[in-house]
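Participant: A structural model of the following input is requested.
(chains A, B, C and D)
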Number of protein chains: 2
Amino acid sequence: MLSEANQSVLTNLHGKRLHEAIVEQFHYWIQKGILEHGAKLPAERVLAEQLKVGRGSVREAIRTLELQGLVTSKQGSGTFINTQNLNAVASLMTFSLIESLGDGEAQLKDIFEVRHLLEPQLAALAAQRATPEDEERLSAILVEQLRQIMEGETGVDADTEFHFALATATHNTALIKVVSAVEDVLRQSRDQTLQQPGRPERSLNSHRRILEMIQAKDDLGALAAMEHHLTEVEPSSINPHAQEQVT
Amino acid sequence: MLSEANQSVLTNLHGKRLHEAIVEQFHYWIQKGILEHGAKLPAERVLAEQLKVGRGSVREAIRTLELQGLVTSKQGSGTFINTQNLNAVASLMTFSLIESLGDGEAQLKDIFEVRHLLEPQLAALAAQRATPEDEERLSAILVEQLRQIMEGETGVDADTEFHFALATATHNTALIKVVSAVEDVLRQSRDQTLQQPGRPERSLNSHRRILEMIQAKDDLGALAAMEHHLTEVEPSSINPHAQEQVT
DNA sequence: ATATATAATTGGTCATACCAATTTATGTGA
DNA sequence: TCACATAAATTGGTATGACCAATTATATAT
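Facilitator: Next up, the predicted model:
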C-alpha cells in the first residue's frame, strides 16, 4: 500500500508546512485510487513512522482531511477513507479553482450581486410581516442616519443597521443570519462608496422610500424601492471606468 | 480579553472532541466581536494554559480555524484573526445557522424560505453564464443521482451536489459560499425529506428540467423550473400533518 | 458454542524539548 | 543622536514519549 512512503515522498516542501505536505500526499493517493472508499488508514503511530514525521503532524494532516470530508476518525477503531461524500472531493476541486481568483474587487461585485438577489425580496417579505415595532425601529434608524449625515459623517453604521433591521423584520432567523453575514463583508467597502458627494443623502432618501412602502404593506413597492436603492448605492468602481477616487 | 477563559468555558463537551470544543469557543468569541479582524491571538503555549488544555489540542483547533479561513498563522510572528475573506464569513454563517436550528422545525421552514428567495434567481443566473463545462458537470451529477436512486438510495449526496454545482455555474464566489452554507445545513434534513416514496424520482425529474432550461440559456425558464422544484421537494413535515414515516 | 473477562489496538490528550522564522532589545560605531 | 549590526526573546513548527478512553481482538470459563 503506502509502505514505500519514505522521506522521498514528502520532499516537495516548497516552504509548505509539513502537515500540508502530508495532506497533499493523501490527496494524491486518493486521487490515484491507491486509497479507495472505506479503506482503513494505518494507525497514526505507524503512519508517523512510515512518513518519518511526528505523530502530531500526522494528526494535523488528518484533521485537515477530516474537515475536507475525505476521512473520518473514530477513537478505538481507526481512520477511514470516505469518498462517498461527493461534497468533499468536488468542493475541493472547485475550491482550488476559486482560490486562484484574486481576493480583489471581483468579490465585491459578487457580493453586490448577492444583495440584488436577496434584498429586494427580503424587503417584500418585510413589507408583509413587519410589526409596528419593526417599523418604529426602522424609522428610528433613519433619524439616526440623518443625524450622522448632518454631522458630516457618511452614515455607514446607520446604513448597515437599516439593512439588518429590515432582515429582522422578516422574522426569519436564517435570513437574518445570511444577510448580516453579507452586510458584514460589505461594511468595510461601504464607507468608501458613501464617500462620494451626494451619496449619503441619496441613500437616506431611498431608505425612506423603502420604509414608506413597508408601512403601506406594499410588498411589490418595497421590492422595487430596494432594487432602486441597490442600483443607486452600487459602487461605480464595479464599472471598469471611473476608477479614480480621492484617497 | 480571553483572560477569563478557564475550564468552565469548555465544559460543554457532549462527546465532542476537545479541539472541536475549542473551535466552537473561538467561533463564539469571533461572532461576539470579542475577537475582531486583525487581532492577534495569545501564543499557543499561553492559550493552552488559559484553556487548561494541551498545546496539541490548541494547534488542532487552530488548524481547523485556519482551514475555515478564520485565522492565519505565521511562524515567528503569531496567529491572527482574519474575517475579511469570504470563506471566513461562510464558516461562521454555517456555524450560526446550525446553532439556531437546534430548537426545531420552525427554523427549517426559514431555511427553505431563504432557498425560495435565492435559488430560482440563482438558476436564472446560471442559465445566463453556465459554460459547457458547467453543463457537463451538472449532467454528470444527474447521471450519478439516477444511479443512486436505482440502487435504492435516496440520492441526497447527488441532490446537494447539484445545487452546489448550480451555484458554481453562476461564477459568483460569494453566491457559492452562501448557497453552500445553506445547503450544508439542509443536507441533514434532506435525507428525511427524500425518504418519502416517489420523492427521489420527482426530484431527479425537476433537476432535469432545470438543466434543460440552462442548456437552452432560458433564464426565466430556469427560474420557474427551480421554483417548481423547490415547492415539490419541500418537506411536508413543515406541515403539521403527515408526520408518520417508516423507520 | 456462547458468554464473559482480558489483552491489544487505536484515536485523543498532555507534557517537554528542540528547531526555525520573526520580532524586539541591545549595543556599537559613525 | 542616529543607523545598523548583533544578540536575545518570542512564537509557530516539529518530534518523542507517556497516559487515557473507546474499540476490537483474543483467550478463558462454563
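Participant: domains for chain A, by residue range?
Facilitator: A:7-100, A:106-238 (automatic domain parsing).
Participant: check contacts around whichever residue of chain A sits closest to DNA strand D.
Facilitator: Chain A approaches DNA strand D most closely through residue A:76 (2.2 Å), counting by C-beta to the nearest atom of the strand. No exception for glycine: its C-beta is placed from N, CA and C like everyone else's. Residue A:76 makes no contacts at all, as judged by C-beta atoms under 8 Å, 6 or more residues apart in numbering or on different chains.
Participant: what pLDDT is listed against it?
Facilitator: Model confidence at residue A:76, expressed as pLDDT, equals 95.
Participant: part of a strand, is it?
Facilitator: No - the assignment for residue A:76 is coil, going by DSSP: H, G, I helix; E, B strand; the rest coil, so no strand is present there.
Participant: how much space between it and residue B:20?
Facilitator: As for residue A:76, its distance to residue B:20 is 17 Å (criterion: C-beta to C-beta, to the nearest Å).
Participant: before we move on, what about residue A:69?
Facilitator: If you measure residue A:69 against residue B:20 using C-beta to C-beta, the figure is 15 Å.
Participant: next secondary structure after the helix or strand bottoming out on mean pLDDT in chain A?
Facilitator: Comparing helices and strands within chain A by mean pLDDT, DSSP states H and E singles out helix A:86-100 as the least confident, with a mean of 47. Reading on from helix A:86-100 to the C-terminus, the next helix or strand found by DSSP states H and E is helix A:106-129.
Participant: in stretch A:196-212, what's buried?
Facilitator: Counting neighbours by 16 or more other C-beta atoms under 10 Å in any protein chain shown, one finds that the buried residues in stretch A:196-212 are A:196, A:199, A:200, A:203, A:204, A:206, A:207, A:208, A:209, A:210, A:211.
Participant: and what of stretch A:63-82?
Facilitator: For stretch A:63-82, the neighbour count (16+ other C-beta under 10 Å) marks A:63-71, A:73, A:79, A:81-82 as buried.
Participant: please compute how far the strand or helix carrying residue A:21 lies from its chain's middle.
Facilitator: For residue A:21, the element it lies in under DSSP H and E is helix A:18-32. Chain-centre distance of helix A:18-32: 27 Å, with C-alpha atoms, centre = their mean, to the nearest Å.
Participant: mind saving the C-alpha coords of that helix as PDB?
Facilitator: Written as PDB, here are the backbone C-alpha positions of helix A:18-32 (Å, rounded to 0.1, in the frame of the first residue of the first chain):
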ATOM      1  CA  LEU A  18       4.800  19.500   7.000                       C
ATOM      2  CA  HIS A  19       1.200  18.600   7.700                       C
ATOM      3  CA  GLU A  20       0.200  20.300   4.400                       C
ATOM      4  CA  ALA A  21       2.700  18.200   2.500                       C
ATOM      5  CA  ILE A  22       1.200  15.100   4.100                       C
ATOM      6  CA  VAL A  23      -2.300  16.200   3.100                       C
ATOM      7  CA  GLU A  24      -1.200  16.600  -0.400                       C
ATOM      8  CA  GLN A  25       0.300  13.200  -0.300                       C
ATOM      9  CA  PHE A  26      -3.000  11.800   0.700                       C
ATOM     10  CA  HIS A  27      -4.800  13.800  -1.900                       C
ATOM     11  CA  TYR A  28      -2.500  12.100  -4.400                       C
ATOM     12  CA  TRP A  29      -3.100   8.700  -3.000                       C
ATOM     13  CA  ILE A  30      -6.800   9.100  -3.000                       C
ATOM     14  CA  GLN A  31      -7.000  10.600  -6.500                       C
ATOM     15  CA  LYS A  32      -4.700   7.900  -7.800                       C
END
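Participant: can you confirm whether it lies near DNA strand D?
Facilitator: Yes - against DNA strand D, helix A:18-32 shows contacts by C-beta under 7 Å from any atom of the strand at A:18, A:19.
Participant: quick check: which of the domains of chain A is nearest to DNA strand C?
Facilitator: Smallest distance to DNA strand C across the domains of chain A (C-beta to the nearest atom of the strand): 3.3 Å, for domain A:7-100.
Participant: let's verify residue A:73: helix, strand, or coil?
Facilitator: At residue A:73 the chain is in strand, as set by three-state DSSP.
Participant: surely it touches residue A:64?
Facilitator: No - between residue A:73 and residue A:64 there is no contact, the gap being 12.0 Å when judged by C-beta atoms under 8 Å.
Participant: that older thread, now for the domains of chain A, which one comes closest to residue B:155?
Facilitator: Smallest distance to residue B:155 across these (C-beta to C-beta): 10.8 Å, for domain A:7-100.
Participant: returning to that earlier point: can you give me the buried ones in the helix holding residue A:21?
Facilitator: When burial is assessed from 16+ other C-beta under 10 Å, helix A:18-32 yields the following buried residues: A:18, A:19, A:20, A:21, A:22, A:23, A:24, A:25, A:26, A:27, A:29, A:30.
Participant: helices or strands next to that helix in the packing?
Facilitator: Contact here means 3 or more C-beta pairs under 8 Å, 6 or more residues apart in numbering or on different chains; DSSP states H and E; on that basis helix A:18-32 packs against helix A:55-67.
Participant: check what contacts the helix it packs on and list those residues.
Facilitator: With contacts defined as C-beta under 8 Å, 6+ apart, helix A:55-67 is touched by A:18-20, A:22-23, A:26, A:41, A:44-45, A:47-48, A:51, A:71-73, A:79, B:19, B:56, B:59-60, B:63-64, B:67-68.
Participant: excluding its backbone neighbours, what's nearest residue A:182?
Facilitator: For residue A:182, the nearest residue in space outside its immediate sequence neighbours is residue A:114; the separation is 5.8 Å by C-beta to C-beta, 6 or more residues apart in numbering or on different chains.
Participant: model confidence score at residue A:195, please.
Facilitator: The pLDDT attached to residue A:195 in the predicted structure is 68.
Participant: so where's chain A uncertain?
Facilitator: When residues are selected by pLDDT under 70, those of chain A lie in A:1-13, A:84-106, A:188-195, A:235-247.
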